[in-house]
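Participant: sequence isn't available, so here's the structure alone:
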């Protein structure tokens, strides 16, 4: 008979609106929590350790690619800056050679030379491509600027030389280069 009475007791308790409201509140000492009370546990406020760990993992998964994008962007901008500077240096060198003229010759020790004789110039091709904005020269990007002069037999009575200037950097292990050519008539 005991189980039947408990069954009827539950029915009576849930049928009575005053008792149903008290079942949703705190459990009385010495009594087992009701089914309604057990169902209410899922709606408690606060975060569990699992929820916090899942949140941290999700944030980590999102943050790592974002930081990677910033780093790659910075490297890309730095390399584009170096390339832009290299193009300017090669253009400036070709303009110096054009200004010196077809028959220019002279000291061939460094990149300040304007030697237009046939062959590869200079003997010391080192040039500063880009400074990193500090006073430490070990952070500077250096490269090798060379130009090759090739004389072509006269064409309709005009002597022609092709000058091809190449700047490769960094000097220790070139990863990038810029090559420009110009035709000089004499």
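Facilitator: Nice, I can see it. Small disclaimer: the values here were computed from a predicted structure and weren't measured.
Participant: okay, CA-based contacts and neighbour counts for the rest of this
Facilitator: Noted.
Participant: next, the buried residues of stretch 89-99.
Facilitator: Of the residues in stretch 89-99, those with enough neighbours to count as buried (16 or more other C-alpha atoms under 10 Å) are 89, 90, 91, 93, 94, 97, 98.
Participant: distance of the fourth one from residue 69?
Facilitator: The span separating residue 93 from residue 69 equals 36 Å under the rule C-alpha to C-alpha, to the nearest Å.
Participant: ok, the last one next?
Facilitator: Between residue 98 and residue 69 the distance is 43 Å, computed by C-alpha to C-alpha.
Participant: so what strands line up beside the longest strand anywhere in the chain?
Facilitator: If you go by DSSP state E, the chain has its longest strand at strand 141-155. If you go by DSSP bridges, strand 141-155 pairs up with strand 119-121 (antiparallel), strand 126-130 (antiparallel), strand 158-169 (antiparallel).
Participant: from the chain's centroid, how far away is that strand?
Facilitator: 35 Å (C-alpha atoms, centre = their mean, to the nearest Å).
Participant: which residues outside it are in contact with it?
Facilitator: Here strand 141-155 makes contact (C-alpha atoms under 8 Å, 6 or more residues apart in numbering) with 90, 111, 116-122, 125-132, 159-171, 174.
Participant: tell me which residues of that strand come out buried.
Facilitator: Those would be 141, 142, 143, 144, 145, 146, 147, 148, 149, 150, 151, for strand 141-155 by 16+ other C-alpha under 10 Å.
Participant: circling back to that earlier point, can you say which of the contacts of strand 141-155 are buried?
Facilitator: Buried among these (16+ other C-alpha under 10 Å): 90, 111, 116-117, 120-122, 125-130, 160-171.
Participant: which residues of this protein score low on pLDDT?
Facilitator: Low-confidence segments of the chain, defined by pLDDT under 70: 1-44.
Participant: let me see the ranges of the helices in it.
Facilitator: 2-15, 17-24, 35-39, 49-100 (DSSP state H).
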